[in-house]
Every structure is written in structure tokens, then in C-alpha cells.
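> return atomic coordinates for the entry below.
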Amino acid sequence: MTTWTPEELDAVGDAGELSIAPARTDGTFRRPIPIWVVRVGDELYVRSFNGPDGGWYRQALRTGRARIGAGGVDREVALSEPTGDVNDEVDDAYRAKYGRYSSYVAPMVAPAAVASTRRLDPR
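Below is the predicted model:
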């Protein structure tokens, strides 16, 4: 399995937004859209603001793949279900990183968004 380099983790984890383009079933990628990304330890996580109803999220679940760009890092990733109980740590990371946008952070730590948590694994 491929892993993130320390430089990639820093660059993506520190980026204000991440551009994500979920893969279609034919292998092409959708138009990229900006979303928030957080780092917890040596892992990167994303959530859908609209929870399971988010368009990019539904497409990403179908294929499990996407292309991301953030902080000068452009990679193809697998979107994996988190292992272990990391949701509280991911919630805290969203609050710490994006807390100045309180009206947007609240939905990102609400149950629907929490249910859409995905770990980004480099491919």
C-alpha cells in the first residue's frame, strides 16, 4: 500500500481546501469541487457537507476513487471507511481548523456529515 510522505501530509493537511474529482465508473473523473480536509495523525479525512446526499460523495462511494489536489499535491486516492473510532478526533480537527466558520463547522460535525467520513489513501 502506498503511504503519504510527511511533506504531502503537511501540504494537504494545512491547505484551506481540497479539490476532489470522484472517479466515474468508466474511469474518467468528474469536475473537481472544493471541500474541506483535515489531518488526524498521519491520515487525511474528508466529509460531505450534505452527508450521504452529497453528489460528489455518492459518486465517490460508487467507485471508491478520486483525484485530489491541495497544497501543491495532486494524487489519485482511494476513499476508505475509517478504521477504529476516529470520529471524535476528526470532529475536533474540523473545529480546530475551520472554527472561524462556525455556521459551516456545525453541519460538518453533525451526524449526517459524520456518517460520510472517509479516509484518503494515496494510490
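> ranges for the strands of the chain?
Ranges of strands in the chain, per DSSP state E, are 18-22, 33-35, 37-40, 43-46, 65-70, 73-80, 118-122.
> could you export the last one as PDB, CA atoms only?
To tie it back to what came earlier, the one meant is strand 118-122. The C-alpha coordinates for strand 118-122 follow below in PDB (Å, rounded to 0.1, in the frame of the first residue of the first chain):
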ATOM      1  CA  ARG A 118     -13.800   8.900   4.500                       C
ATOM      2  CA  ARG A 119     -10.100   8.500   4.800                       C
ATOM      3  CA  LEU A 120      -8.000   9.400   1.800                       C
ATOM      4  CA  ASP A 121      -5.400   6.700   1.000                       C
ATOM      5  CA  PRO A 122      -2.900   7.500  -1.800                       C
END
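> between it and strand 18-22, how many degrees?
90 degrees (axes from the mean of the first three to the mean of the last three C-alpha atoms, to 10 degrees).
> who touches strand 118-122?
With contact meaning C-beta atoms under 8 Å, 6 or more residues apart in numbering, strand 118-122 is reached by 1-4, 8, 12, 37, 43-47, 57, 60, 68, 75-83. Just so you know, the C-beta spots here come from the backbone N, C-alpha and C atoms, and that holds for glycine as well.
> parallel or antiparallel, list what pairs with that strand.
strand 43-46 (antiparallel), strand 73-80 (antiparallel) (DSSP bridges).
> re earlier: can you tell which of the strands of the chain is closest to Y104?
Closest of the strands of the chain to Y104 is strand 33-35, at 11.3 Å (criterion: C-beta to C-beta).
> got the contact list for that closest one?
Contacts of strand 33-35 (C-beta under 8 Å, 6+ apart): 17-21, 46-49, 56.
> kindly recompute the last result at 7 Å.
Contacts with strand 33-35, where a contact means C-beta atoms under 7 Å, 6 or more residues apart in numbering, come from 17-20, 46, 56.
> which among the residues you listed count as buried?
By neighbour count, with 16 or more other C-beta atoms under 10 Å, the contacts of strand 33-35 hold 18-20, 46, 56 as buried.
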